[in-house]
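1. need a structure here:
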Amino acid sequence: MSSKLMKCAVCGEYTMKDIHCGKKTKNPRPAKYSPEDKYGKYRRIAKKEQGLI
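-> Predicted structure coming up:
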């Protein structure tokens, strides 16, 4: 069991459990921003291709 707040990918509910609704929970916080991000360009291209931005 983790000590951080997690989010269920199935129902969107916040929990402290590692598994909720039969699936693994995810960390709801975004990754830290770094101006020296080597892969940011590729992540933005992938998001654009998926239609997320």
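
2. now the helix or strand where residue 47 lies: buried residues?
-> Counting by DSSP states H and E, the element that carries residue 47 is helix 40-50. Neighbour-count burial for helix 40-50, counted by 16 or more other Cβ atoms under 10 Å, picks out no residue. Every C-beta, even on glycine, is put in place using the N, C-alpha and C of the backbone.

3. just how off-centre is it within its chain?
-> 15 Å (Cα atoms, centre = their mean, to the nearest Å).

4. by contact count, what packs against that helix?
-> Identification of packing neighbours for helix 40-50 by 3 or more Cβ pairs under 8 Å, 6 or more residues apart in numbering; DSSP states H and E yields no helix or strand.

5. ok, residue 25 touching residue 17?
-> Yes - Residue 25 is within contact range of residue 17, at 6.5 Å (criterion: Cβ atoms under 8 Å).

6. mind jotting down where the strands sit in this structure?
-> For the chain, strands defined by DSSP state E occupy the ranges 6-7, 14-15, 19-20, 23-24.

7. of all the ones you listed, which lies closest to residue 30?
-> For these, distance to residue 30 was read as Cβ to Cβ. The smallest value, 12.1 Å, belongs to strand 6-7.

8. give the other helices and strands that that closest one contacts.
-> strand 14-15.
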